[in-house]
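[1] here's a sequence, model it:
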Amino acid sequence: MQIVRARLSDGAPAVSAVLAEDGLHPLSLEIHELLSWSAADLRTAVEMAVAAAPVPAPGHVLQAPVSGLTEVWAAGVTYERSREARMEESEKEADIYDRVYDAERPELFFKGASWRVAGTGEPVSVRADSPVNVPEPELAVVANAYGEIVGYTICNDVSSRSIEGENPLYLPQAKAYLGACAVGPGITPAWEVSDPRALPILMSIERGGEVVWKGEASTAQLHRRLEDLVGYLFREDDFPQGVVLATGTSLVPDLPFTLEGGDVVSIELVGLGVLTNPVVVGKAGIAHLVHRVQEVPAR
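    This is a model prediction of the structure:
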């Protein structure tokens, strides 16, 4: 089962629900509200929803499973392949990535607010002012307001290799622009995942109907403990409506590969589903995300 946000019909607002084998089971609260609860209470709410009858929704469309004031953050240089790629692309400061990989403190950075996040089937964007851009497939943990890991999902941490490589201080411009983040298809509850450190990761990139890049890895190669990454994120910060934390990538196309407009990126974490996103160039193609700010509740 997965916790999802879905539009049941064209023009209808998205609702939170549990997607099970027998269909969609609406939740009484939005996902961000559930993430303000304890792990035990969240599980009870999900199981009560599944116990009720599903609603007919043959044409439902999934959106990113984040809402309200929930944020998406990310960890960097947590796999050997990521360290290698960052050092390869950096023009002057390659050694900082080597130091981060083995440091006690992880690299953590803000990725996007809920309204900036694309769901499966929705486009992601590469910067028009960057010549080299890549998708980064990542296991993402979902933590509640208490820092408990309550679920797992997939994140596409779209990144500008050329901008970050020019200067590490340009990381926010390389990582946190409109259209640079996709999450989905839903949140698999933590109690449904026996070992999050043993999930195969597969990514393919299609161009003109042909696969131009594909790769496979595993979360077993992750250099850090998931609990430690969440612990550092919560050490001096609070997330009253929970947080999604992408845990780093182990699949990075070799230079000089770059995404192009019209490409389709598919990321599968076995057991968590498939996140698929077409690629556009520049923010004009993802302007619809801006309208979602209206769905964010006032404090």
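[2] so residue 49 touches residue 25, yeah?
    Yes - Residue 49 is within contact range of residue 25, at 4.4 Å (criterion: C-beta atoms under 8 Å). The way it works is simple: take the backbone N, C-alpha and C, and place the C-beta from them, glycine included.
[3] which neighbours do these two share?
    17, 18 (C-beta atoms under 8 Å, 6 or more residues apart in numbering).
[4] residue contacts, residue 29?
    Residue 29 touches 16, 45, counting by C-beta under 8 Å, 6+ apart.
[5] please settle this for me: is it part of a strand?
    No - according to DSSP: H, G, I helix; E, B strand; the rest coil, residue 29 belongs to no strand; its state is coil.
[6] quick check: residue 222 vs residue 127, distance?
    Computed as C-beta to C-beta, to the nearest Å, the residue 222 to residue 127 distance reads 28 Å.
[7] neighbours of residue 53, how many?
    7 (other C-beta atoms under 10 Å).
[8] could you do residue 291 as well?
    9.
[9] and it, how far is that from residue 135?
    24 Å.
[10] what are the boundaries of the helices in this protein?
    Along the chain, the segments classed as helices by DSSP state H run 31-34, 39-51, 80-89, 95-102, 161-166, 171-175, 226-234.
[11] just checking, what packs against the fourth one?
    If contacts are counted by 3 or more C-beta pairs under 8 Å, 6 or more residues apart in numbering; DSSP states H and E, helix 95-102 sits against helix 80-89.
[12] surely residue 171 touches residue 164?
    Yes - if you go by C-beta under 8 Å, residue 171 and residue 164 touch, sitting 5.7 Å apart.
[13] which one of these two has more residues nearby?
    Using other C-beta under 10 Å, the more surrounded residue of residue 171 and residue 164 is residue 164, with 22 against 16.
[14] make CSV from the helices of the chain and add mean pLDDT and distance to residue 5 to it.
    As requested, the helices of the chain are exported to CSV (pLDDT from 0 to 100; distance: least, C-beta to C-beta, whole Å):
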stretch, mean pLDDT, distance to residue 5
helix 31-34, 97, 6
helix 39-51, 97, 14
helix 80-89, 60, 29
helix 95-102, 82, 34
helix 161-166, 92, 30
helix 171-175, 95, 24
helix 226-234, 98, 22
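[15] so which of the ones you listed is nearest residue 249?
    helix 80-89 (5.4 Å; C-beta to C-beta).
[16] pLDDT below threshold where in the stretch 1-150 of the chain?
    81-94 (pLDDT under 70).
[17] ranges for the strands of it?
    Under the criterion DSSP state E, counting those that start in this stretch, the stretch 1-150 of the chain contains strands at 2-7, 15-20, 23-26, 61-63, 71-76, 107-113, 124-126, 133-134, 137-143, 149-157.
[18] doesn't residue 135 make contact with residue 258?
    No - look at residue 258 against residue 135 with C-beta under 8 Å: they stay out of range, at 10.6 Å.
[19] quick one: which of these two has more around it?
    Between residue 258 and residue 135, counted using other C-beta under 10 Å, the more crowded position is residue 135 (27 against 16).
[20] what's the nearest residue to the more buried one if we skip its chain neighbours?
    residue 265 (4.5 Å; C-beta to C-beta, 6 or more residues apart in numbering).
[21] so what's the one you found up against?
    Counting by C-beta under 8 Å, 6+ apart, residue 265 touches 124, 135, 156, 203, 204, 205, 259, 276, 277, 278, 279.
[22] ok so, going back, would you list the helices of the chain in JSON lines and tack on distance to residue 151?
    Below are these laid out as JSON lines (distance: least, C-beta to C-beta, whole Å):
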{"stretch": "helix 31-34", "distance to residue 151": "10"}
{"stretch": "helix 39-51", "distance to residue 151": "9"}
{"stretch": "helix 80-89", "distance to residue 151": "23"}
{"stretch": "helix 95-102", "distance to residue 151": "27"}
{"stretch": "helix 161-166", "distance to residue 151": "29"}
{"stretch": "helix 171-175", "distance to residue 151": "23"}
{"stretch": "helix 226-234", "distance to residue 151": "12"}
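[23] backbone phi and psi for the residue nearest to residue 39 when sequence neighbours are not counted, please?
    Closest residue in space to residue 39, ignoring its immediate chain neighbours: residue 148 at 4.4 Å, by C-beta to C-beta, 6+ apart. Torsion angles at residue 148 (phi, psi; degrees, to the nearest 10) stand at phi -90, psi 140.
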